[in-house]
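This is a predicted model, with the sequence first.
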Amino acid sequence: MVNGSLAGNDFDIDKQRTDNMKEERNIKVTLEQAIEWYNSDNEALKKLATVAFTEEEIILNKDYIFSKVKDLTATLIPSVDDKKFTTLADLAVIAKYFNGNWEKNTYNTGYFLGSFNAGCGPVIDVCSSISIYKHNTVKYAGIVYFKNKEDAIKAIKILGDKVRNLF
């Protein structure tokens, strides 16, 4: 106490607060937390997530995607087709993650991966030499559909070179 009052005055306290405002601090964020923040509706958390990790690390994280899709099964397939069907299964899990409860039917548009001959066919987009096509009024057996082309492009990036096993 100085002259019957606490040491310091309002000016000193305000200066301390202002100095603290300029001080930088670090926070620790796991990749899983960053992914959750990025997928939230909170813009501030999305920004923090992309400060801690790259958008590619957040969006294209196969391990995280697989951990969020439940009820996976094992299937017997001919060994000669092992790589193809393993990749197709991975693609189906990724599609389930991005599509959520959405399912392709004959009344909505679904996007899928394909191989193409340059200049032929109704290609919607191309990523890493893999085409993205769409079906509007049909649904074919064996095709893994995405509800939008952006998610199909993300799937190609997540699978990387492995996507070529499909063709």
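All right, it came through fine.

Leaving out the residues flanking it, which one is nearest to S115?
F167 (4.2 Å; C-beta to C-beta, 6 or more residues apart in numbering). The C-beta positions use only the backbone N, C-alpha and C, and glycine is treated the same way.

In contact with I156, which residues are there?
By C-beta atoms under 8 Å, 6 or more residues apart in numbering, I156 lies in contact with L113, C127, S128, I130, V163.

can you rerun that using 6 Å?
Contacts of I156 were listed using C-beta atoms under 6 Å, 6 or more residues apart in numbering, and they are C127, S128, I130, V163.

ditto for N39
N39 touches nothing, counting by C-beta under 6 Å, 6+ apart.

Can you show me the helices along the chain?
Assigned by DSSP state H, the chain shows helices spanning 10-22, 31-38, 43-52, 55-59, 62-68, 82-99, 149-159.

My understanding was that C127 contacts A155; is that so?
No - between C127 and A155 there is no contact under C-beta atoms under 6 Å: 9.2 Å.

the more surrounded of the two?
Taking other C-beta atoms under 10 Å, C127 and A155 do not tie; A155 has more neighbours (29 against 16).

I'd like the distance between the more buried one and T30.
From A155 across to T30, the span is 24 Å (C-beta to C-beta, to the nearest Å).

Look up the closest residue to the most centrally placed residue in the chain, ignoring the ones flanking it.
Ranked by distance to the mean C-alpha position of the chain (C-alpha atoms, centre = their mean), the top residue is I59 at 2.9 Å. In this structure, I59 finds its nearest non-sequential neighbour in K154, 6.2 Å apart by C-beta to C-beta, 6+ apart.

So which residues make contact with stretch 48-58?
V29, A34, I35, W37, Y38.

burial of the fourth one, as a residue count?
Counted with other C-beta under 10 Å, the burial measure for W37 works out to 20 neighbours.
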